[in-house]
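Novice: kindly generate the corresponding structure for this input.
(one chain, ligands or ions: 2)
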Amino acid sequence: MDKAVFPAGAYCRAVEQIIAAGRRMDRFGWVPATAGNISIRLPDGNLAITRSGGHKGLLGTDGVICVDAAGSPLTTGDRPSAETLLHCQIYAHDPRAGAVLHGHSVASTVLSRLGGDALVLENYEVQKVFAGQNTHAARVRVPIFDNDQDIARLSGVVAPHLDGMCAGYIIRGHGVYAWGADMDAALARLEGLEFLLACELEERKLR
Ligand SMILES: CSC[C@@H](O)[C@@H](O)C(=O)COP(=O)(O)O
Ligand SMILES: [Zn+2]
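Specialist: Ligands and ions are numbered 1, 2, ... in the order given. Take a look at the predicted model:
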């Protein structure tokens, strides 16, 4: 299939939103060097996703390519994000997911290296940004999975935990995955999660 088969408006909007999201994540310092990847689900079920290896804060239109729902590039020779399968997995699991974001913040990297299989967030007002959360008093569990360069194997480890995951997840020493119904919702989730991780890190430094 060729990119031309997409309704031009939907594809162009997706590319613009991905470029803008990369810039916003870069402003926060969440996509150092070539870290991070960003995708949007297109109306036909294919994905617009960042090409592998570029700086996500400096994306041009050629920094975004199309893959099918299984992660295969629609244009032969295109190299999608090395972590495309993690995006595909989220879209396959959650039919409401419209955008997926991955960044490498200092807070997610450092906190996940301290050990444990989850971070539990409690008594923060901002945790209400996560799906289904309406009080600071609830406990929001953010799972941490060990990093793995074999993304298919990593997705197999993540799979059994996706049900009921409301804030996203962390890969140890690596970064976070967050998603939402559209790009605005995904960015709000990511920003909320990163704010809370930064709070946790600050608090631990004071202890
Ligand atoms: C700076 S290395 C980071 C990569 O290994 C990877 O984790 C990452 O987030 C970006 O990979 P990419 O293939 O550009 O999507
Ligand atoms: Zn990464």
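Novice: what comes up buried for stretch 128-145?
Specialist: By neighbour count on 16 or more other CB atoms under 10 Å, the buried set for stretch 128-145 is 129-130, 133, 138, 140-145. (Each C-beta comes from the backbone N, C-alpha and C, glycine too.)
Novice: could you export the residues you listed as JSON lines, including distance to G168?
Specialist: Shown next, in JSON lines, are the buried residues of stretch 128-145 (distance: CB to CB, whole Å):
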{"residue": "V129", "distance to G168": "11"}
{"residue": "F130", "distance to G168": "8"}
{"residue": "Q133", "distance to G168": "13"}
{"residue": "A138", "distance to G168": "16"}
{"residue": "V140", "distance to G168": "10"}
{"residue": "R141", "distance to G168": "11"}
{"residue": "V142", "distance to G168": "7"}
{"residue": "P143", "distance to G168": "9"}
{"residue": "I144", "distance to G168": "11"}
{"residue": "F145", "distance to G168": "11"}
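Novice: in strands, which of those residues fall?
Specialist: Among the buried residues of stretch 128-145, the ones falling in strands (DSSP state E) are 140-145.
Novice: can you narrow the buried residues of stretch 128-145 to ones near ligand 1?
Specialist: Among the buried residues of stretch 128-145, no residue sits close to ligand 1 (CB under 6 Å from any ligand atom).
Novice: tell me the one of those residues nearest ligand 1?
Specialist: When these are compared for distance to ligand 1 (CB to the nearest ligand atom), F145 wins out at 13.3 Å.
Novice: just checking, the closest one touches R153?
Specialist: No: the criterion here is CB atoms under 8 Å, and F145 misses it with R153 at 10.7 Å.
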